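A.B. asks: Task: produce atomic coordinates for the following.
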Amino acid sequence: MRVSQNQLIGNLADYINKQQNLYIESQKRLSTGVRINKPSDDPLGAQMVNSFNTLDVKDEQFSRNIDRARGFLDRTESSIIAASDVLSSLRDKAVQLSNETYNESDREYAVEQINIALDQLLKIANEQHEGVYIFGGTEDNQPPFDQLTYQYNGNNSVKSVEISHTLLIDTNITGSDLFTDTNNGDVDVFQSLIDFRDALQNNDTQGIMTSITNFNNGLEQFSENRSIVGLQIQKLEITEEMNILHQEITTKQRVDIEETDIAKESTTLMKIQQILEANYALTGKTQNLSLLKYL
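C.D. replies: Below is the predicted model:
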């Protein structure tokens, strides 16, 4: 088969053009440090990089969810501690006033302290975090406890949030669990304070003794719920560490796929450059050769 000189030069020009494109792509990989600049560079690798990028977006959302959940649970825990302090103080007061050495006048004076404690407890029960009422369940846009009757107006729903690819976590304690004897609660804490106040006003020693038991049960109720919150906070911390480790692993995997091996790419670029130089020289010679020299 006879090949014309023009065909030979044309084929050589096409080959050089291809090598020039390879040279440009290699230079780009070296300058950007990225091996896959477009899907055609490595279709499977590009697909894997996209998958890792999707995971990164989810991991960032998990991180934000963890931060918000931690803030909410930390505020919940501090509120439970404050409520426990109020109730513990009243329990100690009830123990003192149950003694027969305290008279009716002493007990009447303590009534004012109970009223103050009721206000403190109500304020705690209606606390907010970032504009959301902590103990209202999912009815968190209004105060969960009535300021006059202390009735619970929230609901018993628990809010949860996704903090990893495999884990949802509850982020709240409801007022019904913490302060009332409904849902999972055993003691109506507000009613216990009111009963204590009534017992003092009536100089009812037996009623005061009953209040001590109620306060102890209320403190136990607070403690149990604080333990639940503490466990959730611990889960957040462990999951956050696991998420960080997962991000480090996926980042390394993406880098291994996506980033340029500088030493290897430099060698590739040098080889392409040598091929080009040889073909440039050959092109110059070819233009001076007759067809007979190639037959």
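
A.B. asks: tell me the mean pLDDT for stretch 220-233?
C.D. replies: Average pLDDT, stretch 220-233: 97.

A.B. asks: what's the answer for stretch 82-99, then?
C.D. replies: For stretch 82-99, the mean pLDDT works out to 93.

A.B. asks: So for it, what gets flagged as buried?
C.D. replies: Neighbour-count burial for stretch 82-99 flags 82-84, 86-87, 90-91, 93-94, 97-98 (criterion: 16 or more other Cβ atoms under 10 Å). In this view, the C-beta of every residue, glycine as well, is placed from N, C-alpha and C.

A.B. asks: Quick one: neighbours of residue 114, just the number.
C.D. replies: Residue 114: 20 surrounding residues under other Cβ atoms under 10 Å.

A.B. asks: so which helix or strand takes in it?
C.D. replies: Assessed by DSSP states H and E, residue 114 sits inside helix 104-125.

A.B. asks: Any buried residues in that helix, and which?
C.D. replies: 107, 110, 114, 117-118, 121-122, 124-125.

A.B. asks: residues making contact with that helix?
C.D. replies: 79, 82-83, 86-87, 89-90, 93, 97, 135, 144-145, 147, 150, 175, 178-179, 189-190, 193-194, 196-197, 200-201, 203, 208 (Cβ atoms under 8 Å, 6 or more residues apart in numbering).

A.B. asks: how does it look with 6 Å?
C.D. replies: Applying Cβ atoms under 6 Å, 6 or more residues apart in numbering, the set of residues contacting helix 104-125 from outside is 79, 82-83, 86, 90, 97, 135, 145, 175, 179, 193, 197, 200-201, 203.

A.B. asks: State the mean pLDDT of that helix.
C.D. replies: Here the average pLDDT along helix 104-125 is 88.

A.B. asks: can you pull the alpha-carbon coordinates of it into CSV?
C.D. replies: Presented in CSV, the C-alpha positions along helix 104-125 are these (Å, rounded to 0.1, in the frame of the first residue of the first chain):
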residue,chain,number,x,y,z
GLU,A,104,-46.5,28.2,113.7
SER,A,105,-44.9,31.7,113.3
ASP,A,106,-41.7,30.0,111.9
ARG,A,107,-43.7,28.0,109.4
GLU,A,108,-45.7,31.0,108.2
TYR,A,109,-42.5,32.8,107.5
ALA,A,110,-41.3,29.9,105.4
VAL,A,111,-44.4,30.2,103.2
GLU,A,112,-42.9,33.3,101.5
GLN,A,113,-39.8,31.3,100.8
ILE,A,114,-42.0,28.6,99.1
ASN,A,115,-43.7,31.3,96.9
ILE,A,116,-40.2,32.5,95.8
ALA,A,117,-39.2,28.9,95.1
LEU,A,118,-42.3,28.4,93.0
ASP,A,119,-41.4,31.4,90.9
GLN,A,120,-37.9,30.2,90.5
LEU,A,121,-39.0,26.7,89.5
LEU,A,122,-41.6,28.1,87.0
LYS,A,123,-38.9,30.3,85.5
ILE,A,124,-36.6,27.3,85.0
ALA,A,125,-39.5,25.2,83.6
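
A.B. asks: re earlier: which one of the contacts of helix 104-125 is nearest residue 236?
C.D. replies: Closest approach between those and residue 236, by Cβ to Cβ: residue 79, at 17.5 Å.
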